[in-house]
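Colleague: just coords:
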């Protein structure tokens with residue numbers, strides 16, 4: 001919406017990972033080196049953890065964009081999958097045609113695929129996002145897959161990307177053998193104030209920003225405080241900042257604009273107490289083995305209702321913006 005007005009070649013703060021926008025802070029650069037080191041080794045597990053929104057998926061996207069044709073890679077995002085479901089997910093990711101849901105057969109199909117890949121002079125890379133959702137049993141299945149070798153060369157390498165809980169999970173005594181297969185691990189942190197500023201300027205530079213709109217130092221510092229240096233939060237905040245700047249026909253982003261955006265975003269994610277109590281009334285139930293299934297169904301329904309409320313607010317907001325743009329255009333036409 002605002003890209004053409006500011007002369008941008010693309011949207012600078014999109015949420016979808018894009019290697020073009022990768023900003024190599026000291027922390028992210030080190031994590032990238034670990035991943036590249038892992039690729040050179042061609043074996044074992046590389047583990048990258050970090051809080052939500054700190055750029056794990058962007059790192060993976062950057063790696064995928066740099067692979068040569070000797071590596072066949074797939075990236076999966078996991079939920080609470082059983083070991084068999086995880087194996088099916090992996091097989092589908094590599095394009096392996098799995099017949100039936102027998103675990104032994106699925107493993108055999110994956111093994112055959114890995115050996116065929118090796119025979120053609122290639123190797124497989126598996127990238128698993130949200131790996132903190134994997135159970136101990138599923139992690140053990142991954143370890144067993146890493147056992148496949150030809151002349152001491154592993155046929156499958158795995159990168160695990162996950163939130164902080166993954167670090168705790170991997171320290172469990174039952175996963176000692178898995179721990180011994182980890183050749184490198186790294187924990188991402190949020191950006192500091194200086195890095196946040198450079199992150200914003202880097203992404204703007206990628207789309208041809210020519211100081212329109214301009215930003216005051218104080219505005220960028222305040223934006224850093226509001227977003228706590230988390231890249232995903234920065235993207236959401238800056239996208240809304242540029243939209244507000246465009247709608248209000250401003251040429252400068254100062255602290256007043258930043259405060260207005262912060263207030264607007266906060267209000268959008270706050271529900272009325274009556275809405276919250278109405279949608280979560282069933283969540284106060286005591287969970288027991290007898291009513292556990294019913295509790296889960298009610299909880300899913302509650303979440304769906306909350307999401308519906310948020311989506312309705314988003315849709316209404318979008319319609320309001322469209323209406324305002326049309327009114328402004330109509331007024332300008334009348335003036336002309």
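Modeller: Yes, it's here. What you are looking at is a predicted structure, and each value in this text was computed from that prediction instead of being measured. Residues are numbered from 1 along each chain as shown.

Colleague: report the mean per-residue pLDDT for stretch 52-60.
Modeller: Stretch 52-60 shows a mean pLDDT of 90.

Colleague: also stretch 63-71?
Modeller: 88.

Colleague: got it, and stretch 31-44?
Modeller: 90.

Colleague: what sits up against it?
Modeller: For stretch 31-44, the external contacting residues (C-beta atoms under 8 Å, 6 or more residues apart in numbering) are 24, 46, 48, 59, 62-63, 67, 71, 123, 125, 146, 153-154, 157-159, 181-186, 188. Where you see a C-beta, it was placed from the backbone N, CA and C, and this is true even at glycine.

Colleague: what subset of the residues you listed is buried?
Modeller: 46, 48, 59, 62-63, 71, 123, 125, 146, 154, 157-159, 181-182, 184-186, 188 (16 or more other C-beta atoms under 10 Å).

Colleague: the nearest residue to residue 230 once chain neighbours are set aside: what's it in contact with?
Modeller: Nearest in space to residue 230, with sequence neighbours left out and distances taken as C-beta to C-beta, 6 or more residues apart in numbering, is residue 53 at 4.5 Å. Each residue near residue 53 by C-beta under 8 Å, 6+ apart is listed here: 230, 231, 232, 233.

Colleague: which one of these has the most neighbours?
Modeller: The most crowded member of the contacts of residue 53, judged by other C-beta atoms under 10 Å, is residue 231 (26 neighbours).

Colleague: got the phi/psi numbers for that one?
Modeller: Per-residue torsions, residue 231: phi -50, psi -40 (degrees, to the nearest 10).

Colleague: identify the residue spatially nearest to it, adjacent ones excluded.
Modeller: That would be residue 55: by C-beta to C-beta, 6+ apart, it lies 4.8 Å from residue 231.

Colleague: I'd guessed residue 166 sits against residue 129; true?
Modeller: No: judged on C-beta atoms under 8 Å, residue 166 makes no contact with residue 129 at a distance of 10.9 Å.

Colleague: who has more neighbours, these two?
Modeller: residue 166 (23 against 17).

Colleague: against which helices or strands is the helix or strand that the more buried one is a member of packed?
Modeller: Per DSSP states H and E: residue 166 is located in helix 165-170. With contacts taken as 3 or more C-beta pairs under 8 Å, 6 or more residues apart in numbering; DSSP states H and E, helix 165-170 sits against strand 45-49, helix 136-145, strand 182-187.
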